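>>> Predicted coordinates and the sequence they were generated for:
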Amino acid sequence: MSPTTLPAGPEHGHVTFLGAGPGDPGLLTLRAVEALANADVLVAEHEVLDVVRTHARAGVAVVHTDPDPSSNPVPGTGTPQLTVVDGKSATVGVPVVRDAAHLVMEAARSGRRVVRAVTGDPGLDTDAAAEMLACAAAGVPFEVVPGIASAVGVPAYAGVPLRDAEGTDVRFVDARTASGRCWTEVGASDGTVVVSTTLDAVAAAAGELVSAGRKPDTPMTVTVAGTTTRQRTWSATLGTVAQTLKQAKVLPSPDGGRPVIAVVGERSAAAQRDQLSWFESKPLFGWKVLVPRTKEQAASLSDQLRSYGAVPHEVPTIAVEPPRTPQQMERAVKGLVTGRYEWIAFTSVNAVKAVREKFEEYGLDARAFAGIKVAAVGEQTARALIAFGVKPDLVPSGEQSAAGLLEDWPPYDPVFDPIDRVFLPRADIATETLVAGLIELGWEVDDVTAYRTVRASPPPAETREAIKGGGFDAVLFTSSSTVRNLVGIAGKPHNVTVIACIGPATAKTAEEHGLRVDVMAPEPSVHKLAEALADFGLRRRAAALEAGDPVTRPSERRPGARRRRSTT
């Protein structure tokens, strides 16, 4: 089978032209997510590949556009090549010598459900329009799922409303294709002009507007990488924008061909951007934060960090392996079925996974928990149980820890509890807090090693260099072992990196390894730790603004700069 051949599918094919928005994955519509989940083939512009492929089902054939930068540096300005990057029927990384329209048509005619994803909105994409016409001419059924256009979404994220209470006229111009007549018309207007252009062509677009009659002192904002955590916005005027970008050391640059959205107008609120810039003023905007946990463990924490504008980077510091002697675990699981236990207590997601795997090995499922009370140490562990089909009977109402679980655990009562035994599957290095507390409450405990934790393999060389070289803005340490293991597999974080610890014991371990702790959670919770880091970032930002200094990330400090110790 040739790399460009797609497997046969249902009898009738279908094409969905889908707008992926300007870059923020959260701006995909519900209909877009639904279409992606049902796609057999995904043909996406390179710029939005990561945005859309997350929602595609397993086994989908994924193809992305790969424009030749020497001829078509800007998406939507020509016919791109295609590169197959995933899919059972395709060879990874092999260039496809066909244009997008040909591949879309071929896949649809073979009965496949095709999603053609473009940046922004399909109605504003010239390639998508041509492909729609080709589908119509060939009788291939298609639909259009609108997306948020970059010309509208980016100014909203930059804090630049396009209309005011007086109903300002708004004009949209694509500087890459605009004619002289177009510039004359928008230049004669006193309304807001939204210009789609490239970084190195912004000054030329400003010059066109001045030549067409706009005053050189007309306010202007320029936004690059809009709606993403790489977004950056500069405020200037038509006459000063070239100098502003030069002083910001943005131009000249090899990245000058990057798409930008510029907003021009007296009433475009450009002068009020300091008050309206809600996105770039997030407390951790653009911060690259190292989270020493697996993606599964860090899911909710990483989502919380993203809500503060951060870019989380998960690095596992431990790996989970089966116990060296599995017999004890096997006996305990059989005891669950035979009625040996009144309770089973899960103190981690890994414990849930270990028991679930043993159940599957024996052909058991969640029904084996019938008649047994189930406890979970916290919400994350409870979610893992619910995914297994088990609703926990006990989750701490207060602190999510062994101590918090003991606070709510009932004492053994021979009248109401026919069995006095608790099954506690846990890690080989777990503390004795829960065991001792349960015994004190009158329970017998089968303390069973369900899994072993070992030091993870070192992360890629690029990540290690970023850790030691100051490429990360902050690192969150959620336990003493994460400190020891991270230093062991990757080295000490650079002295410009903000060190945040979940509690005094973890902070002490960090200091013993020569790290200065900047942030400490007010209580032992990963979410409180993230909140504390966000508060630190907010205070740091406010101090810079009050001093009249530019707001920078810790990694942008002068190498070797001394870091002030936080009192949090």
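Sure, I can see it.

>>> didn't L103 look like it was pressed against A61?
No - the criterion here is C-beta atoms under 8 Å, and L103 misses it with A61 at 10.0 Å. Bear in mind the C-beta positions are built from the backbone N, C-alpha and C, glycine included.

>>> which neighbours do those two share?
Taking C-beta atoms under 8 Å, 6 or more residues apart in numbering as the contact rule, L103 and A61 touch no residue in common.

>>> What helix or strand is D50 located in?
Counting by DSSP states H and E, the element that carries D50 is helix 49-53.

>>> helices and strands around that helix, which ones?
Contacts defined by 3 or more C-beta pairs under 8 Å, 6 or more residues apart in numbering; DSSP states H and E place helix 49-53 against strand 41-44, strand 61-66, strand 113-118.

>>> Dump those to TSV, plus distance to G147 and mean pLDDT.
Output for the helices and strands packed on helix 49-53, formatted as TSV (distance: least, C-beta to C-beta, whole Å; pLDDT from 0 to 100):
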stretch	distance to G147	mean pLDDT
strand 41-44	12	92
strand 61-66	16	76
strand 113-118	8	94
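
>>> so can I have CSV of those showing distance to Q272?
Converted to CSV, those look like this (distance: least, C-beta to C-beta, whole Å):
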stretch, distance to Q272
strand 41-44, 36
strand 61-66, 38
strand 113-118, 32
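
>>> do you know which of these lies nearest Y341?
strand 61-66 (46.6 Å; C-beta to C-beta).

>>> Pull out the buried residues from the helix holding D50.
Neighbour counts over helix 49-53 (16 or more other C-beta atoms under 10 Å) mark L49, V51, V52, R53 as buried.

>>> out of these, who's nearest E465?
L49 (25.8 Å).

>>> in the sheet, who's paired with I344?
V374, F423 (DSSP bridges).

>>> And it, how far from G335?
10 Å (C-beta to C-beta, to the nearest Å).

>>> what do these two both touch?
F423.

>>> After the host helix or strand of C135, which helix or strand is next? Please name it.
According to DSSP H and E, C135 maps onto helix 126-138. Sequence order places strand 142-145 as the next helix or strand after helix 126-138, per DSSP H and E.

>>> buried set for that following strand?
Applying 16+ other C-beta under 10 Å to strand 142-145 flags F142, V144, V145 as buried.

>>> same check, this time on stretch 273-282
For stretch 273-282, the neighbour count (16+ other C-beta under 10 Å) marks R273, S277, F279, E280, S281, K282 as buried.

>>> Next, A242: secondary structure please.
helix (DSSP: H, G, I helix; E, B strand; the rest coil).

>>> so who does it touch?
Contacts of A242 by C-beta under 8 Å, 6+ apart are V202, A203, A206, L251.

>>> May I see the buried residues of whichever strand or helix holds the first one?
To tie it back to what came earlier, the one meant is V202. In the assignment (DSSP H and E), V202 maps to helix 202-211. Within helix 202-211, the residues scored as buried using 16+ other C-beta under 10 Å are V202, A203, A205, A206, G207, E208, L209, V210.

>>> Which single one of the residues you listed is nearest to L476?
Closest to L476 out of the buried residues of helix 202-211 is V202 (37.8 Å), distances taken as C-beta to C-beta.

>>> quick one, which of I344 and G335 is more surrounded?
I344 (27 against 16; other C-beta atoms under 10 Å).

>>> thought that one was touching L336?
Yes - the criterion here is C-beta under 8 Å, and I344 meets it with L336 at 6.8 Å.

>>> Mutual contacts of those two, please.
Listed as contacting both I344 and L336 by C-beta under 8 Å, 6+ apart are F369, I372, F423.

>>> which residues sit in contact with the last one?
When the contact criterion is C-beta under 8 Å, 6+ apart, the partners of F423 are A332, G335, L336, R340, Y341, W343, I344, A345, D446, V448.

>>> The same query, at a cut-off of 6 Å, please.
By C-beta atoms under 6 Å, 6 or more residues apart in numbering, the contact set of F423 is A332, Y341, I344, D446.

>>> can you list the weak-confidence ranges in the stretch 151-300 of the chain?
The stretch 151-300 of the chain contains residues with pLDDT under 70 at 267-271, 295-296.

>>> What segments of it are helices?
180-188, 202-211, 241-247, 273-276, 295-307 (DSSP state H, counting those that start in this stretch).

>>> gap between the third one and the chain center?
What it means is helix 241-247. Relative to the centre of its chain, helix 241-247 is centred 32 Å away, using C-alpha atoms, centre = their mean, to the nearest Å.

>>> so I429 sits in a helix?
No - secondary structure assignment places I429 outside any helix; it is coil (three-state DSSP).

>>> Now do the contacts for it.
Applying C-beta under 6 Å, 6+ apart, the residues contacting I429 are T453.

>>> Tell me which other helices or strands the helix or strand that E106 is a member of touches.
Per DSSP H and E: E106 is located in helix 100-109. Identification of packing neighbours for helix 100-109 by 3 or more C-beta pairs under 6 Å, 6 or more residues apart in numbering; DSSP states H and E yields strand 41-44, strand 113-118, helix 126-138.

>>> Pipe these into TSV and attach distance to P292 and mean neighbour count per row.
Output for those, formatted as TSV (distance: least, C-beta to C-beta, whole Å; neighbours: other C-beta atoms under 10 Å):
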stretch	distance to P292	mean neighbour count
strand 41-44	32	27
strand 113-118	34	28
helix 126-138	42	16
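
>>> Out of these, flag the one nearest P155.
Proximity to P155, assessed across those by C-beta to C-beta, is greatest for strand 113-118 (19.7 Å).

>>> got the angle between the closest one and helix 100-109?
For strand 113-118 against helix 100-109, the angle by axes from the mean of the first three to the mean of the last three C-alpha atoms, to 10 degrees is 160 degrees.

>>> Name every strand pairing with strand 113-118 and say which way it goes.
Short version: by DSSP bridges, strand 113-118 pairs with strand 14-19 (parallel), strand 41-44 (parallel).

>>> contacts for the last one?
Applying C-beta under 6 Å, 6+ apart, the set of residues contacting strand 41-44 from outside is 6, 52, 56, 60-64, 100, 104, 107, 112, 114-117.
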